[in-house]
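> Could you work out the structure for the sequence below:
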Amino acid sequence: MPFVKTPVIVRKIYPELIWHLPTQEKKIYLTFDDGPIPGVTSWVLEQLNKYNAKATFFCVGDNVSKHKDIYDLILTNGHSTGNHTHNHLNGWFTLNKTYLKI
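Model (predicted):
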């Protein structure tokens, strides 16, 4: 897939963001949201381990509470974690009023 440059208007609306980072390194940064989820997160961890790759998992606190063993496995395998709220509503199936209230 070719590199797509962000439109100028978007960069002007959000000038505080970093839009380009000149580098000669060939790296990608993998992130995963909403976990840990049984089955899915375990499979992702297996694939990352197979290729000796690291990722950052942005976890939902409620899922961490429910699946602490999987969360601990993420950390044990040397991955990074970040907070992705405690409860993550499904925006497609939640009324705007309710979604915005929370």
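
> buried ones in the worst-scoring helix or strand of the chain on mean pLDDT?
Every helix and strand of the chain was ranked by mean pLDDT, DSSP states H and E. The lowest is helix 96-101, at a mean of 78. Residues of helix 96-101 classed as buried: none (neighbour count, 16 or more other C-beta atoms under 10 Å). In this view, the C-beta of every residue, glycine as well, is placed from N, C-alpha and C.

> where along this protein do the strands fall?
31-33, 56-59, 80-83 (DSSP state E).

> just those strands: most buried one?
Stretch with highest mean neighbour count among the strands of the chain: strand 56-59 (a mean of 20; mean count of other C-beta atoms under 10 Å).

> Provide the strand pairings for that strand, with the direction of each partner.
strand 31-33 (parallel), strand 80-83 (parallel) (DSSP bridges).

> Dump the longest one to CSV, restricted to CA.
C-alpha atoms of strand 80-83 as CSV (Å, rounded to 0.1, in the frame of the first residue of the first chain):
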residue,chain,number,x,y,z
SER,A,80,3.8,-2.6,26.8
THR,A,81,0.3,-1.7,28.0
GLY,A,82,-1.8,1.4,28.1
ASN,A,83,-5.2,2.4,29.5
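
> quick one: that strand to chain centroid distance?
A distance of 8 Å separates the C-alpha centroid of strand 80-83 from that of its chain, computed with C-alpha atoms, centre = their mean, to the nearest Å.

> Could you do the first one as well?
The chain centroid and the centroid of strand 31-33 are separated by 2 Å under C-alpha atoms, centre = their mean.

> what does it contact?
41, 44, 55-58, 84 (C-beta atoms under 8 Å, 6 or more residues apart in numbering).

> Which parts of this structure are helices?
Assignment of helices within the chain using DSSP state H yields the ranges 8-13, 40-50, 61-66, 68-76, 96-101.

> The ones you listed into TSV, with extra columns for distance to Trp19?
Shown next, in TSV, are the helices of the chain (distance: least, C-beta to C-beta, whole Å):
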stretch	distance to Trp19
helix 8-13	5
helix 40-50	28
helix 61-66	31
helix 68-76	30
helix 96-101	28
